[in-house]
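Asks: with the sequence up front, the predicted model follows.
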Amino acid sequence: MDRKRIWGWWFFDFASQPYATLLLTFIFSIYFAEVASARFVLEGADPRQAGAQAQALWGWGLALAGVAIAVLAPVLGAVADTTGRRMPWIWLFSAFYVAGAAGLWVLAPGGSALVAALVFFGLGLIGMEFATIFTNALMPTLGSRDEIGRISGSGFAFGYVGGVLALAVMLGLFAESAVTGLTLLGKPPALGLDAAAREGTRFVGPFTALWYLVFMIPFFLWVREPRGIARPLRLGEAMRDLGTLLRSLRHRRSLAAWLLSSMFSRDALNALYGFGGVYAGTVLGWPVILSGIFGVVSALSAAVICWIGGRADRRWGPRPVIAACTLVLIAVCMLVVGMDRASIFGVALLPGSRLPDALFFSCGVAIGGAGGVVQAASRTMMVRHTSAEKAAGTFGLYALSGKATAFLAPFLIAVVTTATGNQRLGISPLIVMFLLSLALLSWVKSEGEPEQ
């Protein structure tokens, strides 16, 4: 194995993870919920209605980005396989990532740029997802079949380390409390940023963009595509190849079942990531800084769990690892639905009880760890269902399976939240989606199946 090339590949996870950690889950999503809720209160909503409206708006934004990813992912994968090139696409969508993240600066406390912020967030999310397709397509060339699970798990663990470090920097130097205007270190935001205008917290977008630019350097220096003949782009040929791949699913029951299973599990998992911060901010009333501390604890635990998960994948294969982690995620969703500040599963708590906070911290560890292991083992499962030559197209199809219904979980959360006016009940559709994923997993062969 080429250790330097593997480390370069791992640096993509390290560089890109802050989009999920800082923007999707712990800092920006909570700040967005704060700004949107305050805006809706000014427009006449009561605080509970405002929180539900903020969650619904966030859901619509994620859903629209998911539709764009679902439509384009398999086509781009087929085009990459036809041309034999991955790296130019990684460069292109890295630019999307950077532009989208940097643009989040526009969301000032007044809330006038809520829609613009969602547009920038969607652009960056599209960039991250599409860049991931093409970096994942390089996986079959990194090592032997037996080593891929460990390589994938270690990559996710390294990515979580990047997320933790980025989060620690944001909390210590930039993200300020809305009450005191000070960071976690008790100081004003660095670089002369104005705490009154929430510039420290708003800097999370440009900071994420800079982090990506710096730490993608090892990737672009050390990762080279396998030698081969670069072919000119022929869209018709690419579409025919995609059609052939789609028709082959009729005869490849394991791959078809896996794509459907991962469709439900990743959709639900992404929604859990995307709405966890909003839930913490509006149901439990956590400020951005407390949510950030929660992120550091959960991500550190998740890094360790992902590293262990990679070893478990190598020993037992990806399917049992995915099944066990899905059961953990189902239990987490049930707890989130049954818990608020005043009660747990209908049992009233003493006023001021910190038990909901402690339980949600535990949920964060479980979501980060189990979710990371599921994603790492899922990459391994896909490698077992493809070849190095067809990897981009197959991973494009994999991205489609993760995004074909990517609008569904946010849509269902938005609909149920709007219909009930209850954020906790809005999370309940995720339980059904994880159960469907688990049922379909029983049809998937651990060793994959040959292409036909």
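Replies: Happy to help now that I have it.
Asks: so what's Ala56 up against?
Replies: Ala414, Thr417, Thr418 (Cβ atoms under 8 Å, 6 or more residues apart in numbering). The way it works is simple: take the backbone N, C-alpha and C, and place the C-beta from them, glycine included.
Asks: isn't the first one up against Gly61?
Replies: Right, Ala414. No. Counting by Cβ atoms under 8 Å, Ala414 sits too far from Gly61 to count as a contact (9.9 Å).
Asks: buried residues in the helix or strand where Met433 lies?
Replies: Assigned by DSSP states H and E, Met433 falls within helix 429-441. Neighbour-count burial for helix 429-441, with 16 or more other Cβ atoms under 10 Å as criterion, is recorded at Pro429, Leu430, Ile431, Met433, Phe434, Leu435, Leu436, Ser437, Leu438, Leu440, Leu441.
Asks: list of residues touching that helix?
Replies: With Cβ under 8 Å, 6+ apart as the criterion, helix 429-441 contacts 257-258, 260-265, 267-268, 271-272, 319, 322-323, 326-327, 329-330, 333-334, 337, 408-409, 412-413, 416.
Asks: distance between it and the chain's centre?
Replies: Distance of helix 429-441 from its chain centroid, counting by Cα atoms, centre = their mean, to the nearest Å, is 18 Å.
Asks: please apply the same query to stretch 53-72.
Replies: With Cα atoms, centre = their mean, you get 13 Å for stretch 53-72.
Asks: same question for that stretch: list its buried residues.
Replies: 53-59, 61-70, 72.
Asks: so, low pLDDT: which residues of the stretch 201-350 of the chain?
Replies: 226-239, 241-242, 244-246, 248, 274-279, 282-283, 288-289 (pLDDT under 70).
Asks: so which residues of it form strands?
Replies: 343-344, 347-348 (DSSP state E, counting those that start in this stretch).
Asks: pLDDT at Ala36, what is it?
Replies: Here the pLDDT value assigned to Ala36 is 91.
Asks: actually Leu123, not the one I typed
Replies: 95.
Asks: tell me what the strand or helix carrying it is packed against?
Replies: Under the criterion of DSSP H and E, Leu123 resides in helix 114-136. If contacts are counted by 3 or more Cβ pairs under 8 Å, 6 or more residues apart in numbering; DSSP states H and E, helix 114-136 sits against helix 3-18, helix 28-42, helix 47-83, helix 87-102, helix 391-403.
Asks: buried set for that helix?
Replies: 114, 117-136.
Asks: that helix to helix 3-18, inter-axis angle?
Replies: With axes from the mean of the first three to the mean of the last three Cα atoms, to 10 degrees defining the directions, helix 114-136 sits at 160 degrees from helix 3-18.
Asks: for helix 114-136, C-alpha coordinates in CSV please.
Replies: Presented in CSV, the C-alpha positions along helix 114-136 are these (Å, rounded to 0.1, in the frame of the first residue of the first chain):
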residue,chain,number,x,y,z
LEU,A,114,-32.3,34.0,5.9
VAL,A,115,-33.0,32.9,2.3
ALA,A,116,-29.6,34.0,1.0
ALA,A,117,-28.0,32.0,3.8
LEU,A,118,-29.9,28.9,2.9
VAL,A,119,-28.8,29.3,-0.8
PHE,A,120,-25.2,29.6,0.2
PHE,A,121,-25.5,26.7,2.6
GLY,A,122,-27.1,24.5,-0.2
LEU,A,123,-24.3,25.5,-2.6
GLY,A,124,-21.6,24.4,-0.2
LEU,A,125,-23.5,21.2,0.8
ILE,A,126,-23.7,20.3,-2.9
GLY,A,127,-20.0,20.9,-3.3
MET,A,128,-19.2,18.7,-0.3
GLU,A,129,-21.5,15.9,-1.4
PHE,A,130,-20.2,15.8,-5.0
ALA,A,131,-16.5,16.1,-4.0
THR,A,132,-17.2,13.1,-1.7
ILE,A,133,-18.5,11.0,-4.7
PHE,A,134,-15.2,11.4,-6.5
THR,A,135,-12.9,10.9,-3.5
ASN,A,136,-14.9,7.8,-2.6
